[in-house]
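1. for reference, the sequence and a predicted model appear below.
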Amino acid sequence: MTVDLGIARAIDAQTFGEPGQRTFRLRVLSGRTNAASLWMEKQQFQQLNLAFAQLLGQMDYRERPGAPDLGEFPVTAEHDFRVGKIALGFDSSDRTVVLDSYELGNEEEAEADLRVRLTPDQCAFLVGQLSDIIGKGRPLCPLCGASIDADQHVCIRANGHMSQPIPDEQTGPEETSD
């Protein structure tokens, strides 16, 4: 059975921990007392960010909304789970984005575990916030796209034997003289 929170009163994204060891969640306040903590993977944050940006682009939405007030968010949310699958839709009757979340392990179920509707303002705020969170993560290797750890990066595209430093994306490869 799907829990329908209706239109969110406030929503934001959070991350905890150091790059490479972070956890991610969306906090949702809806109505007077409904609260949800949706725990996700970084890739899910990236996909949500992309989907929200595409939806806003199709709507030709260009506003810059302010931060939501989640000061009333409880220590323990009524609905608190790890998200396995996410589905987005657009309801043209009220111009809201419908976010369906499926708990990890329940992805094959026909009904979502939790549904919430977001306004274009809330989606636009999340695009900025998610972009900032994603940008503060570990850098990506320009050759293979994998995350570069603080210790060392063994690039699969170089078969793990690259002796040259990975070129900086802005400056390009350094010239060498023989």
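-> The structure has been received and is ready for your questions.
2. for the chain, which residue is closest to the average position?
-> The residue lying closest to the centre of the chain (CA atoms, centre = their mean) is Phe45, at 1.6 Å.
3. Ala124 in helix, strand or coil?
-> State at Ala124, reduced to three classes by DSSP: H, G, I helix; E, B strand; the rest coil: helix.
4. just give me the neighbour total for it.
-> Other residues within reach of Ala124, judged by other CB atoms under 10 Å, total 21. All C-beta spots, glycine's among them, are computed from the backbone N, C-alpha and C.
5. what of Pro120?
-> 18.
6. that one contacts Asp94, correct?
-> No. Using CB atoms under 8 Å, Pro120 is not in contact with Asp94; the gap is 10.9 Å.
7. contacts only, for the residue nearest to the centre of the chain.
-> Going by CB atoms under 8 Å, 6 or more residues apart in numbering, Phe45 touches Ala13, Phe24, Leu130, Ile133, Ile134.
8. out of these, which are inside helices?
-> Leu130, Ile133, Ile134 (DSSP state H).
9. of those, which is the most crowded?
-> Counting by other CB under 10 Å, top hit in the ones in helices among the contacts of Phe45: Leu130 with 23 neighbours.
10. need the pLDDT of Asp178.
-> As predicted, Asp178 sits at a pLDDT of 46.
11. cool, Asp91 as well?
-> What the model reports as pLDDT for Asp91 is 92.
12. what separation is there between it and Gly137?
-> 32 Å (CB to CB, to the nearest Å).
13. which one of those two has more residues nearby?
-> Ranked by neighbour count (other CB under 10 Å), Asp91 and Gly137 place Gly137 first, with 17 against 10.
14. now that one, what are its backbone angles?
-> For Gly137, the backbone dihedrals are phi -80, psi -170 (criterion: degrees, to the nearest 10).
15. quick one, helices of the chain?
-> Secondary structure of the chain (DSSP H): helices located at 42-58, 120-135.
16. deepest-packed of those, please.
-> Of all the helices of the chain, helix 120-135 has the most neighbours on average by mean count of other CB atoms under 10 Å, namely a mean of 19.
17. how big is the angle separating it from helix 42-58?
-> If you take axes from the mean of the first three to the mean of the last three CA atoms, to 10 degrees, helix 120-135 sits at 140 degrees to helix 42-58.
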